[in-house]
Each structure stands twice: as C-alpha cells, then as structure tokens.
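[1] Return atomic coordinates for the entry below.
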Amino acid sequence: MNKKDLLLPVMVAIAMIAAFSYLSEGYSLIFTFVPAVPIAFWLYYKTCYLSFKPKAGLIPLYLVGLGFQLIHFAEEHQFGFERKFGPLFGGKEYDHNLFVDFNMFAYFLFLLGAVGLYRNIKPLMFIGMFFIVYGMFGNAIGHITYCVMVRGYFPGIVTCFFNFLLTPVIVTRLWKLR
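    Now for the predicted structure:
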C-alpha cells in the first residue's frame, strides 16, 4: 500500500472540511457536509485503499447516480433551494451564483471520482466515496429531514428518493470488491 494513497485523501478531507466550514451559511454545511467527510474517508479506507479491484459493474451504477444527481440539482435550482437552505440552519440565503458554481465544480470532481474508480487511482476514489456517502445517501436523508423541519415541501425532496435505492447497491458492490 502506497502512503500517498492515504496522505492525499487526508489532505483533501482537511481541505473539504475547511472549505465547507468557510462557505457555510449558518451551520448548513457544517451539520450536513462536514460529518460526511470522515464517513467517506472511512469508506475509502475500508474499500478502496486496503484492497480494491475495479470492476466494470460499479462504474455504470456510479454514473447513473451522478446523472440522477444532476436531475436532483435541477429540482433544487428550480424551486429555490439556495434561498431556503442557509436560513434553515441559522444563516443567510446562499448567493445564487455561488450555489450553481459550487454544484458544477462538485459534479466535475465527482466525475474525477468515477475516473479514479475506473482506473484504480486511489486518491481520486476518495472523492467518489464522498459522492456516495453524501451526494447520494446523505442528500436523501437530508432532504427528508428538511421537509420535517419546515413541515412541508423542501426543494429536492421529490428527486432524492432514488438515492435510497441505488446507494445500498453501490456500497454492497464496493464491499464485495475488497
């Protein structure tokens, strides 16, 4: 095992926590994205870092999840997620351009995560694990929680449920590839 395959994801994880904390309106990203980072690192360590053998069957599922996430972003964008998310956690509304730019940059990184999974580039796999942990599963849990908090519709709830179906399949495949 190559130490850089562990060191680079640790550095990325620290940078992610710092960026999420800095960009957070109120506690929105601190309560949602930040806890997903160590969970994603644990999943990376247990599956990708220790002994991962890429299989073609994982990549299509991951990419379907990413494609579905783009549809999810469209719902959030259409119904003003950026205006409601920060205030839900004691902050201000997110700037619309920051919201769009942040998501587009994240999707680019998640595509690099797919490349990492396909080509066995371990440091990039960590980004893929973050997408699985938060972009898919945490996102679904989060949107249900937001609806409970506001006692009604919260942008993203309609399109978040597919992740509940796909995430366990992806994690099971990851676990089997160890």
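[2] roughly how far out does the lowest-mean-pLDDT helix or strand in the chain sit from the chain middle?
    One helix or strand of the chain scores below all others by mean pLDDT, DSSP states H and E: helix 50-51, with a mean of 82. Distance of helix 50-51 from the chain centroid (CA atoms, centre = their mean, to the nearest Å) equals 22 Å.
[3] Can you list the buried residues in the helix or strand following it?
    Next along the chain after helix 50-51, taking DSSP states H and E as the criterion, comes helix 58-78. Across helix 58-78, burial judged by 16 or more other CB atoms under 10 Å covers 58, 61-62, 65-66, 68-69, 72-73, 75-77. Every residue, glycine included, has its C-beta placed from N, CA and C.
[4] Also stretch 11-29?
    Buried residues in stretch 11-29 (16+ other CB under 10 Å): 12-13, 16-17, 20, 24-25, 28-29.
[5] Mind listing residues that contact that stretch?
    30, 33-34, 37-38, 40-41, 85-94, 98, 102, 123, 126-127, 130 (CB atoms under 8 Å, 6 or more residues apart in numbering).
[6] mean confidence score for it?
    Mean pLDDT, computed over stretch 11-29, is 97.
[7] again with stretch 143-162
    Stretch 143-162 comes out at a mean pLDDT of 96.
[8] next one: that stretch to chain centre, how far?
    With CA atoms, centre = their mean, you get 17 Å for stretch 143-162.
[9] 31 is where my numbering starts, stick with that
    Renumbered: residue one is now 31, and that last one reads stretch 173-192.
[10] got the CA positions of it in PDB?
    Extracted C-alpha coordinates of stretch 173-192, given in PDB (Å, rounded to 0.1, in the frame of the first residue of the first chain):
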ATOM      1  CA  HIS A 173     -34.000  16.300   2.200                       C
ATOM      2  CA  ILE A 174     -36.400  14.200   4.300                       C
ATOM      3  CA  THR A 175     -35.100  15.900   7.400                       C
ATOM      4  CA  TYR A 176     -35.500  19.400   5.800                       C
ATOM      5  CA  CYS A 177     -39.100  18.600   5.000                       C
ATOM      6  CA  VAL A 178     -39.700  17.600   8.600                       C
ATOM      7  CA  MET A 179     -38.100  20.700   9.800                       C
ATOM      8  CA  VAL A 180     -40.300  23.000   7.700                       C
ATOM      9  CA  ARG A 181     -43.300  20.700   7.900                       C
ATOM     10  CA  GLY A 182     -43.800  20.700   4.200                       C
ATOM     11  CA  TYR A 183     -42.100  20.700   0.800                       C
ATOM     12  CA  PHE A 184     -38.400  21.500   0.700                       C
ATOM     13  CA  PRO A 185     -36.700  21.800  -2.700                       C
ATOM     14  CA  GLY A 186     -35.100  18.500  -3.700                       C
ATOM     15  CA  ILE A 187     -37.400  16.100  -1.800                       C
ATOM     16  CA  VAL A 188     -39.100  14.700  -5.000                       C
ATOM     17  CA  THR A 189     -35.800  13.600  -6.600                       C
ATOM     18  CA  CYS A 190     -33.900  12.500  -3.500                       C
ATOM     19  CA  PHE A 191     -35.600   9.100  -3.100                       C
ATOM     20  CA  PHE A 192     -33.800   7.300  -6.000                       C
END
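[11] All set, thanks.
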